[in-house]
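Asks: when you get a sec, could you give me coordinates for this:
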Amino acid sequence: MKAIEAIKGSLFWKGLEIFQKAVLILSSIFVALIMCAQVLMRYVFKSDLYGMEEIIIIVAFWLYFMGSSYGVFEKSHVRADIIPQFLSEKPRRLLSLAVQATMTALCLLFSWWGIDFVGYSIQEMPRTLIWGIPLAVAQASVLLGYLIMSFYSVVYLAEEFLEVRAFFHDGSTSGTAREGELP
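Replies: Now for the predicted structure:
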């Protein structure tokens, strides 16, 4: 457990959180400002910000995947929590471990696919139609987002495993009275 706490207290962990927040804040502001500018240009000045949709989509990709990875960091991502409500403590902990293991496996798989995805995009170098921006710029957000999600998931899986192991280790003696306890 000390290793997990060391990782969570590391400069890398804190820097990753700051990076995600910065991308989220900057991309949110950028999308809002560009959308306002587009409305202003279109309806007030009867003009158009030619090709802004391409840029907004790229920034929205970064916003979405950094938001997803930040949701994993905060453990606030969407999940169904109805089944654990009907389980006792031991099955609930095992289910939680299984869910975390599944999420970790999927994040690692999607990260692997993301490497292929971005690698192919870099090799073929497709570009947007108007501005000629390499699609790898937007697709890199998918890869980086899943790599960050994978990192957090692996750390949380290790943490969950250690907690379940400690629970079952401590729980194995729960049928006998410990020193100073009443039976």
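
Asks: SS state for the most centrally placed residue in the chain?
Replies: Centroid check for the chain by CA atoms, centre = their mean gives residue 69 as the closest residue, at 1.8 Å. Assigned state for residue 69: helix (three-state reduction, DSSP: H, G, I helix; E, B strand; the rest coil).

Asks: from residue 169, how far out is it?
Replies: Using CB to CB, to the nearest Å, residue 69 is found at 32 Å from residue 169. Glycine gets a C-beta too; all of them are placed from N, C-alpha and C.

Asks: please apply the same query to residue 26.
Replies: 46 Å.

Asks: these two: which has the busier surroundings?
Replies: residue 26 (14 against 9; other CB atoms under 10 Å).

Asks: host element of that one?
Replies: In the assignment (DSSP states H and E), residue 26 maps to helix 11-43.

Asks: distance from the chain centre to that helix, please.
Replies: Here helix 11-43 is found 17 Å from its chain centre; the criterion is CA atoms, centre = their mean, to the nearest Å.

Asks: other SSEs contacting it?
Replies: Applying 3 or more CB pairs under 8 Å, 6 or more residues apart in numbering; DSSP states H and E, one finds that helix 11-43 contacts helix 52-74, helix 136-171.

Asks: so that helix versus helix 136-171, what angle?
Replies: Relative orientation of helix 11-43 versus helix 136-171 (axes from the mean of the first three to the mean of the last three CA atoms, to 10 degrees): 140 degrees.

Asks: helix 11-43: which residues count as buried?
Replies: 13, 16, 20, 23, 24, 27, 30, 31, 34, 38 (16 or more other CB atoms under 10 Å).
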